[in-house]
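**Q** sharing a sequence plus its predicted fold:
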Amino acid sequence: MINLEKLARWNAARWQSAALTRPFEATARRLIAAKPRYQAVEARTGVPWYVVAVIHQRESSQSWKASLAQGDPWDRVSTHVPKGRGPFASWEDAAVDALVNCAPYAARNDDWSVGGTLTMLERYNGLGYATKGVPSPYLWAGTNQYVAGKYVRDGVYDPTAVDKQLGCAGLIKTMMAMDSGIAFGVAAKPPPDPQQQASSAQPPARAAFFMAVAAALARLFRRA
């Protein structure tokens, strides 16, 4: 069993020591250019838009034809884990399903500090690296925190394989340098449920009764 609090502390410490060893700028710029689409998903899930963006990059190289869940086409039923999702009406609908209904249920996360954010991203890919006590390339590829080691297929770990993709941590660092609005520790919240808002806006029956009585008495006293 992985201690997630300890993993969050490790990831926060790695973040402080991380330096980029590959160019991230072009990819970061491309992700920021799609900010409005990611913000639309944030509005429906509470997951910060830049987290949605880096997952999209890692899972499908930012393909708008691929689901955020596992990179399968979102307009048909998925065949990779998580299997059986879809089809969906849009990339955004598929992304919301991935974050709300699929493990690790990122929409339920309430810790968007540096450690909490990075650990949620690591959980999104799986905790196999944490089990081995090694930095996850899903986070750290392209930084000095990662040298080699990769799951080349499900359940098969090759200590000499090198992840060629850019890791989420380096992407976020580079995006932060380009967009001053990106910050850890800001808990994103989805908008209130309209139905819940409507019901809460109406006073309970008991309160409504007393309000009506008070209004009637006020009218009588004014006439007197």
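**A** That came through fine.
**Q** for the rest of this, base every contact and every neighbour count on C-alpha atoms.
**A** Noted.
**Q** where does the protein dip in pLDDT?
**A** Judged by pLDDT under 70, the chain has its weakly predicted residues at 186-224.
**Q** now the helices for it?
**A** Counting by DSSP state H, the chain has helices at residues 4-17, 25-33, 35-45, 49-60, 91-101, 114-125, 128-132, 137-140, 168-178, 194-201, 205-223.
**Q** please identify the deepest-packed of the ones you listed.
**A** helix 137-140 (a mean of 27; mean count of other Cα atoms under 10 Å).
**Q** gap between the residue most central in space within the chain and Ala107?
**A** Nearest to the mean C-alpha position of the chain, by Cα atoms, centre = their mean, lies Val47 at 4.1 Å. Applying Cα to Cα, to the nearest Å, the value for Val47 to Ala107 is 6 Å.
**Q** overlap of the contact sets of these two?
**A** Residues touching both Val47 and Ala107 (Cα atoms under 8 Å, 6 or more residues apart in numbering) are Leu99.
**Q** wait, which of the helices of the chain is closest to His80?
**A** Proximity to His80 (Cα to Cα) singles out helix 49-60 among those, at 11.8 Å.
**Q** could you dump the closest one to PDB, C-alpha only?
**A** This file holds the C-alpha atoms of helix 49-60, laid out as PDB (Å, rounded to 0.1, in the frame of the first residue of the first chain):
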ATOM      1  CA  TRP A  49      -7.400  23.500 -16.600                       C
ATOM      2  CA  TYR A  50      -3.600  23.100 -16.700                       C
ATOM      3  CA  VAL A  51      -3.900  19.600 -15.100                       C
ATOM      4  CA  VAL A  52      -6.400  18.600 -17.800                       C
ATOM      5  CA  ALA A  53      -4.000  20.000 -20.400                       C
ATOM      6  CA  VAL A  54      -1.000  18.000 -19.300                       C
ATOM      7  CA  ILE A  55      -3.000  14.800 -19.000                       C
ATOM      8  CA  HIS A  56      -4.300  15.400 -22.600                       C
ATOM      9  CA  GLN A  57      -0.700  15.700 -23.800                       C
ATOM     10  CA  ARG A  58       0.500  12.600 -22.000                       C
ATOM     11  CA  GLU A  59      -2.500  10.400 -22.900                       C
ATOM     12  CA  SER A  60      -2.800  11.300 -26.600                       C
END
